[in-house]
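Participant: Here is my input; please provide its structure:
(2 chains)
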Amino acid sequence: MNSAQLVSLSIAVLAVAVVLLGLVIITGRALNRHRERRDARLSADVRPLLMELIGGDNDEELSEPLLLLAALDERVWRTLEPSAISMLGKVSGNARVALVRLLEQRGLARTASRDLSGLGAVRRAVAAHVLGLLGHAEAAFPLVRMLSDRNPEVRAAAVRALGQVGAAGAAGPIISSMAGGRVPFQLVAQALIRLGSGARPALVKALSYDDPAQRAVAVEVLGLIGAVETAKVLVRVLAGDASTDVRVRAARALGRLGTPVCLDALLHATGPGHPHAVRVEAAAALGDLGSPRAVPTLQELLADPRYQVAHNAALSLARLGGPATAALTETLTERAGTSAADHAWEALAIQDLQAGHMPRLPASPSR
Amino acid sequence: MSATAAGVLAGLGTTDVPGVLAGAAGAAGQSVDEIVDAIRAGAQWTLMVISAIILVYSVAINTSYLMLIFLATWDAIDSHRRLRFFSQEDTYANPLTPAISVIMAAYNEEAGIAESVRAMMSMRYPTFEVVVVDDGSKDGTFERLRAEHNLVEVPRVIPDDLPMRGKVLSTHVPADGSASLLVVRKTNSGRADANNVGINLARHPLVCIVDADSLLDSSALLQVARPFADDPLNVVATGGVVRIANGCEVVGGRVAKVNMPRSWLVRIQVIEYLRAFLLGRTGWSRLGGLLVISGAFGLFRRDVLIEVGGFDPDTIGEDAEMVARFHRHLREQRRDYRIVFVSEPVSWTEAPSSMAVLARQRRRWSRGLAELLWRHRKMIGNPRYGRIGMLTLPYFVLFELLAPVVNLGGLALVPIALWADAINVEFALALLLASYGYAVLVGFVALAVEEYAFRRYNSWRDLGVAAVASVAENFGYRQFNAWWGLQGIFAALRRTKQVWGVMTREGFSTPGRSTGGNRG
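Facilitator: Predicted coordinates for the structure are as follows:
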C-alpha cells in the first residue's frame, strides 16, 4: 500500500466511524424513546391501581387493587415495578404495609434473596437494596455475610439494608465491617441509628476497639440515639481517648445527651489543657446541652485568644437565653474594646433577632 | 501497517540530513547558488521535521482526548449502575451528612442576585448556609438583597483564618433570625479575595464556591457532597459539571428545560464544554489527576482551604491554582487524599455569546494556565507529586498550554511546507486528517457518551445541531481559540496587568416573560 492509498483508507475509516457513531446515537435515542412510550402505555392503565393501593386505609379498600396488581401480566408488572420499589422508600404506615405485601406476593423478596449469591456485583447490591426496603427480617443472616463481599458497593448496600431490616444482632458485624475503611462511615452510622437501642451493647463494646474510626462511629451514634446510660463511658472517652477526632465526637455526643455528668465533663473540656478542636466542640456542645450553669465558663471563654473557641462560646450563650443575657451585657461594659466584647455583641444580636427585635449594634464598632 | 506509515512519512520530502549538513559545511568555499541551495535544503528539512512533529502531536492530542472520554464513560457506567441501589434520600436523611457553607461572591449582580440567592436557599440539602459576599458592587446588588430578605445589620467578629485584602464594611442577616443567609459587604478586592472573606465567615466544615450567577440543579449539593460522605477521611475537594445555560428555559432560578442555544458560537461551546470539561475532567478524576475544579461550582474542605492559604488574589486562574496548591500541599505532607469530579450534578452558567467576550475569557484562561504552570513548575515531572506531577502537569504543558502554538504553527507552516516541497500532498492530507478528521471523530464519541449517559438535550433538532457543531468547531472556532490562547500566553510572559474583564450577559429565557429573565 502506498502513502496515497493509506491516506485514502484513513479518510474512509474515519468517515465510516463518524457515520457509525451517528447511527449509534440515533438508534439509541430512537430505541430509548420507543421503550419509554411502550412502558408508559403499558403502565398507564395500572398505575392508578398502585396509587389506590398506597392510598387505601383499610384491608377492604386494599384487597381489590392488591389482587389485581398481584395478578398482573409479567410484562406489564415490569414497567410498574421500579415505581413500586421507589415508592417503598418514601411511604410509611398502611401504604408501606400494602406495598410490601404486594411486592412479596410478586415474589420480589424470594428473587432478591436468591440474587444475593448472584455472580454480578450489581445484582447482589440491588438484591440487598430491595431486601432492605422490604424490611425482610429473614434476610438478616445472608446480609451479614454480604458485609465481607469483595465489592465495596455490595458491602455498602448490605450495611444499609441491615439497618432497614432492623437486625439488632447485626450491630457488631456492621461496626467490624468498617475496618480499613471498607464501608463508608456515614452509612454505618445511619444503619446503627436505625437499629436504635438494640445496638447499644455493641456500640459500648466498640469504644474499646483499636480502630479510631470504629470508636468514632460508636461515640457519634450513642449521642444521636440518646443513650443517656452511657454518658459516664463517654465522659471517659472525652477525657482520655487517644484520638482527638474521637474526643471531639464525644464532646458533641455529651452535649446531645445533656445529663449533669455531661455538663461537668464538657466544662472541664473547654479548659486550656485540652486540644483546640476538643475545646471548640465542647464550647458548642454546652449550647446544645442548655444548662445555665455553663454561663460563667462560657463568659470566660469569650475572651479566649482562639477565635473558634470564643465564637462558639458566644453562640452557646446566645442559645442559653435569659440567664446568659446578663453575662453578655456585663462583658460589654467590663471588657469594652476587647474581642470578648465583640463576641458578646454578636451573641446579643442573635438574641435580639430571636426575640423579634432589631439587633443592637456597638456605637463605634471595634471590628 | 508500519511499512505503509513509513510510506506516508516518506512523503515528507527528499532532503536527507547528512546532505544538508555536508552542504552547509562546505558552503563557505562555494558559489552563492550553492549557498542558497544549502539554505533552501536546510529550510526544507526544518519544515519537514516540524510537519512530522505536528502530525505526531495531532494524533497524540486527539488520542489523549479519546482516552479521557473512555475513562469518563467507565465512570458514567458506574454512576448509572449505582442509581439502581442508591438513593439520594440516604444522604439527605443522614444526620452525619456534613453541613455546607455556600459562598457566592457577587460584583454588580443587581439584575439576578435576588433570584440566584433565592434559588440557592431552596437547594435540597439537610444543613447549609448561604454566604453572599458583595465585593464592593457599584450597582444595587446589596439593596436588592436587603429588600428581598429583609436584611438587618448584625455585628459579626470576622476571623482571620485567611488573609483578606478588602475591608469588611458590614454583615447582614434576615430580620426573622434565620441563620441560613449571611450577606457581607466589603470594599472591592476581586473575586479570589471575596471568596477568602466568605471562607473566613463560613461556619460549616465544607465550603461550596459558586458564581453568583450560577444556576444549580436542586439536588446538586447532595450529589457533589456524596464523595465526602463515602470517603470522609480522604476526600478534600469535589467539582461539579458546568454546562451552558444559554437557550435553556429558567424558572425560579432553576433550569427547567434544556435547549441548545440559538447562536452557533455558543452551540460550539456546548460541545467544547461537554468534551473538555465534563468528559475530560471526569477522565482525569478517574486517573486521580484532576487539576481543575471550576470556580463556578466546587466543594472544598474548609480546614484544608485554610491550611493552603485560600484563594490567591494575585493569580487570574485562582480556581485551578487552588487545586494545584491542594495537590502540592497534601503531597508534600505525604497525606492520603482524593480530589473527585462528579459528572452528574450540574451548575449552569451563561457562556459568552460574542466574539469579544469569548476572546477575553479565553485569553484569561490561557494566561491563568500559564501562570499556574510557571508557579508550580517544581511539580512538573517530579515523582514526589505522584500522578499530578508525572502525568497531569506534563500533559497540561504539552497539550493545553502548547496546543495554541502547535495549532497556529501548523496552520501557518503546512501550506509553506507544501509550497516548498518539504512535504507532499498525501502528507498534508494526513496532517489534516490527524488534526481535523480525528477531532471530528472525538467530538462524535463525546456526543455518543452524552446521549447514552446524560441525555440532557432531548429534541432531535438539538441532537442534529450538536452533531453539526461538533464538525463546525474545527473550522474557525478552533483557530480563533488558539489565537486567543497564544495572546494569553504572551500576556503571562509580559506580566501585563491582570484584567478580569466584563462578562456581558444576555440573560436566560423564562417562559411567560417576553423579555426573558435578564441577568445583567
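Participant: Let me know the secondary structure of residue B:204.
Facilitator: Look at residue B:204: counting by DSSP: H, G, I helix; E, B strand; the rest coil, its state is coil.
Participant: Might you report the residue contacts of the residue nearest to it when sequence neighbours are not counted?
Facilitator: In space, and not counting its chain neighbours, residue B:204 is closest to residue B:99: 3.9 Å by C-beta to C-beta, 6 or more residues apart in numbering or on different chains. For the C-beta atoms, the positions are set from N, CA and C on the backbone; glycine is no exception. For residue B:99, the contacting residues are B:126, B:127, B:128, B:129, B:203, B:204, B:205, B:206, by C-beta atoms under 8 Å, 6 or more residues apart in numbering or on different chains.
Participant: what about burial for those residues, which qualify?
Facilitator: B:126, B:128, B:129, B:203, B:204, B:206 (16 or more other C-beta atoms under 10 Å in any protein chain shown).
Participant: Please identify which of those residues is nearest to residue A:237.
Facilitator: Closest approach between those and residue A:237, by C-beta to C-beta: residue B:204, at 24.6 Å.
Participant: tell me which element the residue in the stretch 101-250 of chain A that chain B sits nearest to falls in.
Facilitator: When distances are taken as C-beta to the nearest C-beta, the stretch 101-250 of chain A approaches chain B most closely through residue A:129, which lies 3.7 Å from it. Assigned by DSSP states H and E, residue A:129 belongs to helix A:121-134.
Participant: Give me the next element, helix or strand, following that helix.
Facilitator: With elements assigned by DSSP H and E, the helix or strand that comes after helix A:121-134 is helix A:140-146.
Participant: Check which helices and strands that following helix is in contact with.
Facilitator: Based on contacts counted as 3 or more C-beta pairs under 8 Å, 6 or more residues apart in numbering or on different chains; DSSP states H and E, the elements that helix A:140-146 packs against are helix A:121-134, helix A:152-165.
Participant: by how many degrees do the first one and helix A:152-165 diverge?
Facilitator: Put plainly, it is helix A:121-134. Between the direction of helix A:121-134 and that of helix A:152-165, the angle (axes from the mean of the first three to the mean of the last three C-alpha atoms, to 10 degrees) works out to 10 degrees.
Participant: tell me the mean pLDDT over helix A:121-134?
Facilitator: Regarding helix A:121-134, the rounded mean pLDDT is 93.
Participant: mind exporting it as CSV, just the C-alpha atoms?
Facilitator: The C-alpha trace of helix A:121-134 is given here as CSV (Å, rounded to 0.1, in the frame of the first residue of the first chain):
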residue,chain,number,x,y,z
ALA,A,121,-22.0,-7.2,41.8
VAL,A,122,-24.9,-5.0,40.6
ARG,A,123,-27.3,-7.9,41.0
ARG,A,124,-26.1,-8.6,44.6
ALA,A,125,-26.2,-4.9,45.5
VAL,A,126,-29.7,-4.4,44.0
ALA,A,127,-30.9,-7.5,45.9
ALA,A,128,-29.5,-6.2,49.2
HIS,A,129,-31.2,-2.8,48.5
VAL,A,130,-34.6,-4.4,47.8
LEU,A,131,-34.4,-6.7,50.8
GLY,A,132,-33.6,-3.6,53.0
LEU,A,133,-36.5,-1.7,51.5
LEU,A,134,-38.8,-4.6,52.2
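Participant: quick one: it to chain centroid distance?
Facilitator: Once both centres are worked out by C-alpha atoms, centre = their mean, to the nearest Å, helix A:121-134 turns out to sit 19 Å from its chain's centre.
Participant: what do you get for the last one?
Facilitator: Using C-alpha atoms, centre = their mean, the mean C-alpha position of helix A:152-165 is found 13 Å from that of the whole chain.
Participant: Repeat that for stretch A:343-355.
Facilitator: Counting by C-alpha atoms, centre = their mean, stretch A:343-355 comes out at 31 Å from the chain centroid.
Participant: what's that stretch in contact with?
Facilitator: A:302, A:310-311, A:313-315, A:317-318, A:321, A:324-325, A:328-329, A:331-332, A:335, A:358-362, B:152, B:154-157, B:173, B:175-177.
Participant: Quick check: what element follows the lowest-mean-pLDDT helix or strand in chain A along the chain?
Facilitator: When the helices and strands of chain A are compared on mean pLDDT, DSSP states H and E, helix A:59-70 comes out lowest with a mean of 77. Beyond helix A:59-70 in the direction of the C-terminus, DSSP H and E gives the next helix or strand as helix A:74-88.
Participant: Identify the residues contacting that next one?
Facilitator: Residues beyond helix A:74-88 that count as contacts (C-beta under 8 Å, 6+ apart) turn out to be A:38-39, A:42-43, A:46-47, A:50, A:54, A:69, A:72, A:95-96, A:99-100, A:102-103, A:106, A:108, A:130, A:133-134, B:87.
Participant: Please apply the same query to stretch A:262-274.
Facilitator: Residues from elsewhere that reach stretch A:262-274 (C-beta under 8 Å, 6+ apart): A:231, A:234-235, A:238-239, A:247, A:251, A:254-255, A:278-279, A:282-283, A:285-286, A:289, A:291, A:293-294, A:297, A:301, A:309, A:313.
Participant: Which other helices and strands does the longest helix belonging to chain B contact?
Facilitator: The helix of greatest length in chain B, counted in residues with DSSP state H as the criterion, is given as helix B:32-83. With contacts defined as 3+ C-beta pairs under 8 Å, 6+ apart, the secondary structure elements packing on helix B:32-83 are helix B:17-25, helix B:280-287, strand B:338-349, helix B:403-419, helix B:425-432, helix B:438-449.
Participant: Many thanks, I have nothing further to ask.
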